[in-house]
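Peer 1: Got a sequence here, can you model it:
(chains A and B)
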Amino acid sequence: MLPLLQVTDLKTSFDLGRDRVLAVDGITFSVAAGETLALVGESGCGKSVTALSLLRLVPPPGRIDSGSIRFDGEELLGLSPEAMRRLRGNRMAMVFQEPMTALNPVLRIGDQIAEVLHQHQPDLSKTDVTARTIELLQQVGIPAPGQRLREYPHQLSGGLRQRVVIAMALACDPQLLIADEPTTALDVTIQAQIMALLARLQRERGMALLLITHDLGIVAEAAQQVAIMYAGHLVERASVADLFARPSHPYTIGLLASVPRLGAVRKRLSPIPGQVPGLRDQVSGCPFHPRCPEAIDICSATVPQMVEIAPGHQVRCLRRP
Amino acid sequence: MKPLMQVRNLSKTFLLAANPGGGKRRLLAVDDVSFDIFPGETLGLVGESGCGKSTTGKLLLRLLDADSGEVLYRDQNLLTGAAAKLRPLRKQLQMIFQDPFSSLNPRMTAGAIVAEPLQIHANLSASELRKETERLFATVGLDLSHLDRYPHEFSGGQRQRIGIARALAVRPELIIADEPVSALDVSIQAQILNLLQDIQRDFGLTYLFIAHDLAVVEHLCTRVAVMYLGRLVEIAPATALYRRPRHPYTEALLDAVPVPIPGARSGRRLLQGEVPSPLDPPSGCPFHPRCTYAIDLCRDQRPALLDQGAGHLCACHRAGELDLSRPL
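Peer 2: Next up, the predicted model:
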């Protein structure tokens, strides 16, 4: 069976005056229908740019240079802007990290959800739109949705705002939901509620989820597949069970060793040395070699290719297998 | 052991702009909070946003003025008396902030930022000052070639190192660190946590570590205090608090933390609802509307923070009868 989303050798770059820098440097991955893929990495690694590329919303001076994004059998990079607009928010929707920036502060939340429905389902009557809006708010667990839909974003807490954003994204029953750090701005008890909500909605609707996060705890709890991203490259791809049981790329191993775990025996953390590279820092060879404890001479000269080390488990490292 | 700092009945109200209908609204941000900080320990102060943990930190150093209460440090109440009189004591009490982007003056070089507290508190010649600044740079793992660079030229982790060097400059006894690693990437966060532990050992520091990340707090702290809606609801040695919390809110917080082990937490309970508005706090125990163990008494009567034995204090009517211990 074809995956719902197949991204192949995607490259997205930004024009920074004299230089053109690759924020996403040839990444390949797929998401099956109904599945959750977690895309993991630190700030500036290109995970958010990847999400924007999938929706073809990369802001200038950025642009998609090459590659292929096949969604439900259709090549998105060839679509007209009009066809792309019909797809966005409809069959493929997105939830952003900061709900306040995703909502219009001067529009009632009910009207914002209704706008999505008007866009993509113009045949719906006004009463149907209101009924559907209330139903959506109910589904995302907003109490008293009939009253709430007349409120403005500033009248809601951060958790409720994120629920509204999720309701908007789900308005047209998307096949794929892209969630970019959907709980990073929220407190831990609200985060748990939102993650449980996403899991329930996904189960009920058979929706695929591309979950962008830096939190390995969330990955372990919410995803089936995981891709680790570093400096614009995917460095490891595996099932969640394999990744946590047998992390292979030195960066993945380093990330897992960097996080203190609840209930673990207290011992000194083993951080990854050095700094997360910036966009302008062009590194030869493997992008991780300056911080890698296993680096040898060849790592600074040769760009490693993705290699399968076990069924469904791929690593991009010259020292593997 | 004699506490290094004693906080007694600390309260702070913010007056908010009037409603369109008129009348000032009062927000009780810190409500009758008392605790001790012992020399050499790391006391964690945890809670969700708006619980009053950062305000508490600022009140201790008088960066905000408290309404009432006492903060005793070396038998002197820091909350009374002229600010100038406090200056020699201030040297002993330093702060590290969450956001290394906004807590450094963008027009000063990193070297000047670290040297500034020395110029204020120590009487050093120019060459001594330079040498001391270089020593501080080395201590926090900054390159000496970075002395003359400006904050915008540094990454988040390096800026936090500058903030730590500035706090260390005057050889303080107590450092209040307000979310010092929460703005950092995970690989950098571990570097800063190790650095905080190293300088604690090398300089005999005491920390008040304000944070929302419970795994980080467990890793670093010897004792932990939990705040909810401006009140201290539990304070205990870290192991006791994480293995056998006494307050249902602490249990709910621990349950909500995602664990990086697939399948580790399938049966956890989810805390329902959201933190109530501090403008209109619930009657009795502030947690009772969300508490699965609440009884009638909880709605009517505010529980006092009582010692449950072995230095484990908890403000819950049912602390004695509930067993909230957690599987290993």
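Peer 1: Using PDB, write down the CA coordinates of the lowest-mean-pLDDT helix or strand in chain B.
Peer 2: Least confident element among the helices and strands of chain B, by mean pLDDT, DSSP states H and E: helix B:83-90 (a mean of 81). Output of helix B:83-90 as PDB, limited to C-alpha atoms (Å, rounded to 0.1, in the frame of the first residue of the first chain):
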ATOM      1  CA  ALA B  83      17.600  49.400  50.200                       C
ATOM      2  CA  ALA B  84      21.100  50.900  50.600                       C
ATOM      3  CA  LYS B  85      21.600  49.100  53.900                       C
ATOM      4  CA  LEU B  86      20.900  45.800  52.200                       C
ATOM      5  CA  ARG B  87      23.600  46.300  49.600                       C
ATOM      6  CA  PRO B  88      26.300  44.300  51.500                       C
ATOM      7  CA  LEU B  89      23.800  41.500  52.000                       C
ATOM      8  CA  ARG B  90      22.700  41.600  48.400                       C
END
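Peer 1: Touching that helix from outside, list them.
Peer 2: B:61, B:62, B:73, B:74, B:76, B:78, B:121 (C-beta atoms under 8 Å, 6 or more residues apart in numbering or on different chains). C-betas here are computed from N, CA, C, even on glycine.
Peer 1: run the last query once more with 10 Å
Peer 2: B:61-62, B:73-74, B:76, B:78-81, B:93, B:117, B:120-121, B:170, B:172-173 (C-beta atoms under 10 Å, 6 or more residues apart in numbering or on different chains).
Peer 1: For the spatially most central residue of chain B, give me its contacts.
Peer 2: Residue closest to the average C-alpha location in chain B (C-alpha atoms, centre = their mean): residue B:210, at 2.0 Å. Residue B:210 makes contact with B:43-47, B:53-58, B:95-96, B:98, B:176-180, B:182, B:217, B:225, B:227, according to C-beta under 10 Å, 6+ apart.
Peer 1: hmm, try it at 8 Å
Peer 2: Applying C-beta under 8 Å, 6+ apart, the residues near residue B:210 are B:44, B:45, B:46, B:53, B:54, B:56, B:57, B:176, B:177, B:178, B:179.
Peer 1: would you say it is within a strand?
Peer 2: Yes - assigned with DSSP: H, G, I helix; E, B strand; the rest coil, residue B:210 falls within a strand.
Peer 1: And it, how close does it get to chain A?
Peer 2: 15 Å (C-beta to the nearest C-beta, to the nearest Å).
Peer 1: That residue pairs with what?
Peer 2: For residue B:210, the beta-bridge partners are residue B:45, residue B:178 (DSSP bridges).
Peer 1: Kindly list the longest helix within chain B.
Peer 2: helix B:186-203 (DSSP state H).
Peer 1: Please spell out which residues along that helix are buried.
Peer 2: Neighbour-count burial for helix B:186-203 flags B:186-193, B:195-197, B:199-200 (criterion: 16 or more other C-beta atoms under 10 Å in any protein chain shown).
Peer 1: residue ranges for the helices of chain B, please.
Peer 2: Using DSSP H, helices in chain B cover B:53-60, B:83-90, B:110-121, B:126-139, B:156-168, B:186-203, B:214-220, B:238-243, B:248-256, B:296-300.
Peer 1: And the shortest one, what does it pack against?
Peer 2: To tie it back to what came earlier, the one meant is helix B:296-300. Identification of packing neighbours for helix B:296-300 by 3 or more C-beta pairs under 8 Å, 6 or more residues apart in numbering or on different chains; DSSP states H and E yields no helix or strand.
Peer 1: Tell me which residues touch residue B:312, please.
Peer 2: Residue B:312 neighbours (C-beta under 8 Å, 6+ apart): B:234, B:235, B:236, B:237, B:240, B:241, B:246.
Peer 1: circling back: ranking by neighbours, what's the top pick from the contacts of residue B:210?
Peer 2: residue B:45 (30 neighbours; other C-beta atoms under 10 Å in any protein chain shown).
Peer 1: I'd guessed that residue sits against residue B:207; true?
Peer 2: No - the pair formed by residue B:45 and residue B:207 falls short of the contact definition of C-beta atoms under 8 Å, at 10.2 Å.
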